[in-house]
Every structure is written in C-alpha cells, then in structure tokens.
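Asks: Structure of the sequence below:
(one chain, ligands or ions: 1)
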Amino acid sequence: MKIAVYPGSFDPITNGHVDILERTSPLFDKIIVAVVHNVYKQALFTPEERVALIEETTGHLGNIEVECFKGLLVDYLKEKDASIIIRGMRSLTDFEYESHMSMINKKLLPEVNTIFVMADSNYICVSSSGVKEAAMLGGDVSSMVPTAVTRELKRKLEQLSAK
Ligand code: PNS
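Replies: Numbers count the residues shown, from 1 in each chain. The predicted structure follows:
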C-alpha cells in the first residue's frame, strides 16, 4: 500500500492545501494529513478543530485520513509505514525552508523522500497566516478558504471579540 503523509500546521486549512490534496490523492492509496500539535506555536484553532475542518473539506476525496501528531515527523512516518512526505511549494522562500527541512528528514531517515507540489497559480499568495490576519481585520477570505473554514473563522472571531 502506497501511503504518503502531508504534514503541516493547517491553522486553518486553505484552498491551496485542498488543491494539493486533490492533485496528489490519485497518486497514493492513502494520504494521511498530519496536523502538527506544536506547543510552542500559538494557534487560532485547536488541533481537534483543525482535524475536523480538514475532514469536512476533504471527505470527497475518499482516501484521506486526518490525525494530530506530536514529536518528530520521521518517527510518525515509521509508525505509519510511510516513506513519502508531501509538501506544497509557493515561492523561493518556501524553497529555502522546504529544502532544508527535507534534507534534515532524509538525514534522520534515509528512506524518506519529500515530494514538492507547486501551488496552483490561484493560490500562490494564499497562506494560513495571511488568511487569519485578513479575517481578524474584517477582510473577506472566502475566495481563499473552504466554506467551512469561512464559517469557523467567523465563529472563532465572534468568540474572541465576546471575551
Ligand atoms: O505548515 P507548517 O507549519 O509549515 O509545517 C511544518 C511541519 C509541521 C511540517 C514541521 O514543522 C515538522 O515536520 N514538524 C515536526 C517536528 C520535526 O520532525 N522536525 C524536524 C524536521 S525539520
């Protein structure tokens, strides 16, 4: 069984992430979207909320599993019997960060390979952090994220402003 892992923060999932999954889903028997639980990074959505949003927006693909993970990515890959990491690439800045990360992962686990998928030109400028900032300041982000994310961003911002 060909299993790939698509790791990331996904805080929240964007149309760019969904597009990467739609394009890679036919290439693998199963893709595990691994939502990193990083205690050092302040997130807007809890890991469980992020998992639920990814499940809701990728259910149509049929071979996507979504889980949280903590710790080293290569340990998670071993546990899942996977040797492919999927990462999206938007820019030269992404290239520097991503190539460094893929080399570290390969040093840690030589059989692992990272495949990079170039972002669709419609989503080059879309990032989770940009979406959050724009939404916080009242911007309409509905062209950049799935409908479920627009809904949950609105709910989250209402909760935060009620505090
Ligand atoms: O969406 P992001 O925040 O760019 O994803 C980064 C992620 C989660 C892929 C990366 O931080 C990661 O793999 N974290 C797990 C810890 C780890 O294995 N680090 C060593 C590889 S650099």
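Asks: and the one helix or strand E133 maps to, which residues are buried?
Replies: Here E133 sits within helix 128-136, counting by DSSP states H and E. For helix 128-136, burial by neighbour count (16 or more other CB atoms under 10 Å) applies to 128, 131-132, 135. Yep, even glycine has a C-beta here, placed from its N, CA and C like the rest.
Asks: Among those residues, which one sits closest to the ligand?
Replies: Among the buried residues of helix 128-136, S128 lies closest to the ligand (CB to the nearest ligand atom), at 7.3 Å.
Asks: hang on, isn't that closest one packed against F10?
Replies: Yes. The criterion here is CB atoms under 8 Å, and S128 meets it with F10 at 6.9 Å.
Asks: Redo the buried residues of helix 128-136 as TSV? Include distance to L157 and pLDDT.
Replies: Shown next, in TSV, are those (distance: CB to CB, whole Å; pLDDT from 0 to 100):
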residue	distance to L157	pLDDT
S128	15	97
V131	12	97
K132	10	96
A135	6	96
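Asks: could you measure the spatially closest residue to P12 that is not a sequence neighbour against the ligand, distance?
Replies: Among residues not flanking P12 along the chain, V149 sits closest, at 4.8 Å (CB to CB, 6 or more residues apart in numbering). Note on V149: its distance to the ligand, by CB to the nearest ligand atom, to the nearest Å, is 15 Å.
Asks: do the same with S102
Replies: For S102 relative to the ligand (CB to the nearest ligand atom), the value is 9 Å.
Asks: For the helix or strand harbouring that residue, buried residues please.
Replies: Element membership for S102, per DSSP H and E: helix 92-108. Neighbour-count burial for helix 92-108, counted by 16+ other CB under 10 Å, picks out 94, 98, 102, 105.
Asks: The ligand: which of those is nearest?
Replies: N105 (5.4 Å).
Asks: I'd assumed V74 was in contact with the closest one.
Replies: Yes. Counting by CB under 8 Å, N105 touches V74, with 5.6 Å between them.
Asks: I am finished for the moment; much appreciated.
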